[in-house]
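[1] heads up, no residue letters with this:
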C-alpha cells in the first residue's frame, strides 16, 4: 500500500501542498517545527480520521484559516494497493450552527462517496511511530488499550464492530446505572443492556487475546534481535474481568496484577465467555447500581510488557521501553501484513535518534521491502549512509516541500 | 437591515424544522409573501388543525382524527386482530403498510428505550401494550422496532414483559436488501444475514 499523491489545504502549517510520492524510502528532512511530523499525521489521518497528536480536530485547521469566516481544512490522497487506486478525502469544517453555536464537522469521502468516519478503518492502512508512543509502555492502561484497539481495528473488521457495540452498550448501561443510583427504579431494566454488552464484550476480549498472542509471537524474535539476544519480550493480557477467574476478586476492582501469571485466553469459545460475562454482570448488579457505573469489563483491561520477566511499565528503563515499543510496532507491521496481505504505509517520526547505529541498520534492513516508508529526521547525518543514498529526500520548511539531496545542502 | 417582525418571526419558526436552514427558511417565507393570501391562510389553518384535530388512537397510539377514535385500522373488521405489529413511530406504520403484506393491527411505542436520552420503558407505550395483550385476542406480537441497539433493547424488554401471557413473540428478520449486491453489503449486515439464514 502506498500514497501516490497527497494534497493538503489549510492543514496545520500547510496552507497548500500538492506532492507526488514515489515507492520505497522517503526522507523528510528539515529543522524542527516546520511540518515534518504534521505530514506524517496527515497521512495517518486517512486510517481513522482521528489524530493521535491533537486533543481536538480544531487544532488540525491552520490557525490563519481559523480566523476566516468559514474555516476548513481539506486532505486528499491518492492511494494505491494491489487492488488498484483509491481516492480518499477528509474535509474538516469549523462552522456555526443556525443557533450561533460553534460546531465541528468532519466529512469522509472514499472515491468521492461520502462515508461515515467509522467506515474508514481498514480501507487505508498505515502504522505511525512517534517518540511519544513510549507512553504505550510507560503510560496509563488506557494508552495501551487505545493502541491495541487502533491496530486491531485496522486488521479485523469483526473486532471493529465489537469495539463500537461495546462502547455503545456501555454508554447506555452506565446512563441507566446512574439513573438507578440517583432515582431508584427496577434494576431488571439492566437486562436489555447486559445482553449486548456481554456479546460485544466477549468478542472484544477474545479478539484482544488473539491479537496479543499473535503479536507476541512476532515481536519476541524482533526484540531479541534488537537487544542482541540479551532480553526476551513477553506481552501479557490481563482482562479486568477474567473468564479464567470468573468469580475473581469479590469487589470486581482492578487487582494487583500477578505479573508471572500466564493465562492462555485464546482457548475460550465465544459463547462460553459471553455466558460467563453475562453471569458476572448480573452477579455484580447491586454493586454497579450503588456505584452508578459498570465495574469490570474490557473497558478496564490491562496489557503489560515484560522483558526477561520484568514489568517494563513499572520497572523498565527508558531504553528498554524504546526497544520494546519498536519491537511491538515492527511486529504490528508484520501482523497487519499477515492479516491484510499488504504492507501498511510506515510513518516513522524521529525513530533513529532513539537507536544506536547498529540498530538503525537492523531496523532499516527489516523495512527495506515495505511498499513505502516515510522517515523524518532533523539531522539526516544520523541515518546510515546506505539509506541516505537510496531514499528520495525532501526538505521541509515553513509548510513547503522541496526536493533535497544532502550534497546540495553542503555546497 | 432589520427585517419586519412578522417576517423574521416566521423565518425563525421554519428554521426549527428538521432539514431547514436559514436560506430555505427565508426562501419559504418570501415565497409565502408572494402567493395569494388565501394560500397562506390555508397553510396557517392546516398547521392549527394539526394538533387541534388529531389525537393518539386510544387502542394503538397511532395518530388519528379527533373524530375517529379508535383509528381506522383498529376499527377495520377485515384486519386480523390476533396479529399485532409493534413499531417505534407512526411513520413506521406507513412503511409496513406500504409493504402490503401485513393485515394485522399495530401498536406504536413513540420511541425506543435509551437511558442516555433519559427514555425508559415508562416513557413509552409499553405498559399499554402489555395491558392490550392481557385483555386477550392477540396470538402473535411482531416486534418491528429498528435494528439499532436501542431498538433491539426495546424489543428484548417487551419480549420479557410479555412472558407468561401465552402469546407468540417474533422479531423482524435482519438480512440482505432485495435487489442488492452481495459484494457491496456491509459486513455487519452480512454477518447478521448469515446468523439468521433459513432452510430452503
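    Okay, I see it. Please read these numbers as outputs of a predicted model, since none were measured by experiment.
[2] and residue A:34, that one's in a helix?
    No - applying DSSP: H, G, I helix; E, B strand; the rest coil, one finds residue A:34 to be coil, outside a helix.
[3] so is residue A:335 in a helix, a strand, or just coil?
    helix.
[4] Go ahead and confirm it touches residue A:155.
    Yes - Residue A:335 lies in contact with residue A:155 (CB atoms under 8 Å); the separation is 6.6 Å. From N, CA and C alone the C-beta is placed, and that goes for glycine too.
[5] Find residues that contact each of those two.
    Common neighbours of residue A:335 and residue A:155, using CB atoms under 8 Å, 6 or more residues apart in numbering or on different chains, are residue A:211.
[6] In chain A, where's the longest helix?
    helix A:191-226 (DSSP state H).
[7] Which SSE is immediately downstream of that one?
    The helix or strand immediately downstream of helix A:191-226 is strand A:233-238, counting by DSSP states H and E.
[8] Next, the buried residues of the next helix-or-strand element following that next one.
    Moving toward the C-terminus from strand A:233-238, the next helix or strand (DSSP H and E) is helix A:270-283. By 16 or more other CB atoms under 10 Å in any protein chain shown, the buried positions in helix A:270-283 come out as A:273, A:274, A:276, A:277, A:278, A:280, A:281, A:282.
[9] Dump the residues you listed into a markdown table; add distance to residue A:267 and pLDDT as well.
    Shown next, in a markdown table, are the buried residues of helix A:270-283 (distance: CB to CB, whole Å; pLDDT from 0 to 100):
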| residue | distance to residue A:267 | pLDDT |
| --- | --- | --- |
| A:273 | 11 | 93 |
| A:274 | 15 | 94 |
| A:276 | 13 | 94 |
| A:277 | 16 | 94 |
| A:278 | 20 | 95 |
| A:280 | 19 | 93 |
| A:281 | 22 | 94 |
| A:282 | 24 | 93 |
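[10] Can you pull the poorly scored residue ranges out of the stretch 301-411 of chain A?
    A:406-411 (pLDDT under 70).
[11] let's go with 90 and repeat that
    A:313-314, A:316-323, A:325-326, A:329-330, A:333-334, A:336-343, A:349-371, A:377-392, A:398-399, A:403-411 (pLDDT under 90).
[12] again, but for chain B
    For chain B, the ranges with pLDDT under 90 are B:1-3, B:18-22, B:68-69, B:99-101, B:136, B:164, B:173-200.
[13] Give the other helices and strands that the longest strand along it contacts.
    Longest strand of chain B, by residue count under DSSP state E: strand B:80-87. Strand B:80-87 sits against helix B:90-99, strand B:104-108, helix B:126-134, strand B:140-143, with contacts defined as 3 or more CB pairs under 8 Å, 6 or more residues apart in numbering or on different chains; DSSP states H and E.
[14] Ok, which of those comes nearest chain A?
    Judged by CB to the nearest CB, the one of these that comes nearest to chain A is helix B:126-134, at 11.1 Å.
[15] For the closest one, buried residues please.
    B:126, B:128, B:129, B:132, B:133.
[16] Could you say which helix or strand holds the residue nearest to the second one when sequence neighbours are not counted?
    When you say that, I think you mean residue B:128. Nearest non-adjacent residue to residue B:128, counting by CB to CB, 6 or more residues apart in numbering or on different chains: residue B:61, 6.8 Å away. Counting by DSSP H and E, no helix or strand carries residue B:61.
[17] Now do the contacts for the residue positioned nearest the centre of chain B.
    The structure's chain B has its C-alpha centroid closest to residue B:89; by CA atoms, centre = their mean the separation is 1.7 Å. Listed by CB under 8 Å, 6+ apart, the contact set of residue B:89 reads B:108, B:109, B:110, B:111.
[18] Narrow the residues you listed to those that are buried.
    If we count by 16+ other CB under 10 Å, these have these buried: B:108, B:109, B:111.
[19] Now name the helix or strand holding the last one.
    When you say that, I think you mean residue B:111. Assigned by DSSP H and E, residue B:111 belongs to no helix or strand.
[20] ok, so what distance separates it from chain A?
    14 Å (CB to the nearest CB, to the nearest Å).
[21] who touches that residue in this structure?
    So residue B:111 contacts B:88, B:89, B:119, B:123, B:124 (CB under 8 Å, 6+ apart).
[22] contacting residues for the third one?
    Each residue near residue B:119 by CB under 8 Å, 6+ apart is listed here: B:111, B:112, B:113.
[23] residues contacting the nearest residue to residue B:150 once chain neighbours are set aside?
    In this structure, residue B:150 finds its nearest non-sequential neighbour in residue B:112, 4.2 Å apart by CB to CB, 6+ apart. Residues in contact with residue B:112 (CB under 8 Å, 6+ apart) are B:88, B:119, B:124, B:145, B:146, B:148, B:150, B:151, B:153, B:154.
[24] try residue B:40
    Residue B:40 neighbours (CB under 8 Å, 6+ apart): residue B:32.
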